[in-house]
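**Q** fold the stuff below for me.
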Amino acid sequence: MGLVGLAGLIALRPQVSVSPMEPLRKSEPFSVPFRVVNSGVLSLRLDHVYCYLHEAHLDRQITWKGDVLFRRDWNHKMLDAGESETVACDIGRWNEAVRMADVVIVVDIRWLYIPWSSRRFFRFQGTYTDNWQWLAQPSSPIRDEADKYTGQSEP
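**A** Presented below is the predicted three-dimensional model:
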């Protein structure tokens, strides 16, 4: 009986996914919004959503590292199963000069009204050829750094 209950909890646990969408402006990497989707079967709450800019290479070999982009209206959103929220990591006037970028979408989620949250990391590297392409990458190498800049997940 306990094994069946544990399997049920695992199947019902909060699940979230993040994927890049089509660019709003072809030559600008951060005009590409990211879709945060509740891919589980129960409602969840997005406590916090951050765009952590791990690294960006701009024209003239300037490198930009370790910045956090967020908007307060991304936080504390309830998402039913299958619903999504759109996040745009806009860096403003530097956008057109970026030639390569490495970002992590950090999502703190809460399942129903349980008093703890869990943190998920979604890392993407983008390069420009004829269009911006964001490809998913393993986030484990830079999780500690992303935590440092975005704050630890709540206990």
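**Q** from here on, contacts and neighbour counts on C-alpha atoms
**A** Noted.
**Q** quick check: bridge partners of the most centrally placed residue in the chain?
**A** Nearest residue to the geometric centre of the chain (C-alpha atoms, centre = their mean): I105, 1.9 Å. Counting by DSSP bridges, I105 is bridged to C51, F122.
**Q** got any ranges where this structure has weak pLDDT?
**A** 1-13, 92-96, 112-113, 152-155 (pLDDT under 70).
**Q** and if we set it to 90?
**A** Low-confidence segments of the chain, defined by pLDDT under 90, span residues 1-15, 21-33, 40-43, 47, 53, 55-76, 88-101, 110-118, 126-134, 149-155.
**Q** rewinding a little: which ones are touching the residue nearest to the centre of the chain?
**A** I105 makes contact with V18, V49, Y50, C51, Y52, F121, F122, R123 under the criterion C-alpha atoms under 8 Å, 6 or more residues apart in numbering.
**Q** of these, closest to T86?
**A** Nearest to T86 among these, counting by C-alpha to C-alpha, is V18 at 9.5 Å.
**Q** residues of the helix or strand containing the closest one that come out buried?
**A** Following DSSP states H and E, one finds V18 within strand 16-20. Residues of strand 16-20 classed as buried by neighbour count (16 or more other C-alpha atoms under 10 Å): V16, V18, S19, P20.
**Q** cool, stretch 38-50 as well?
**A** N38, S39, G40, L42, S43, L44, R45, L46, D47, H48, V49, Y50.
**Q** can you check stretch 106-121 too?
**A** Those buried within stretch 106-121 under the rule 16+ other C-alpha under 10 Å are V106, V107, D108, I109, R110, W111, S117, R119, R120, F121.
**Q** touching, the last one and S139? I think so.
**A** Yes - applying C-alpha atoms under 8 Å as the test, F121 and S139 come out as touching, 6.2 Å apart.
**Q** okay, the contacts of I105 in TSV with distance to G151 next?
**A** Formatted as TSV, these follow (distance: C-alpha to C-alpha, whole Å):
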residue	distance to G151
V18	20
V49	11
Y50	10
C51	12
Y52	11
F121	13
F122	16
R123	17
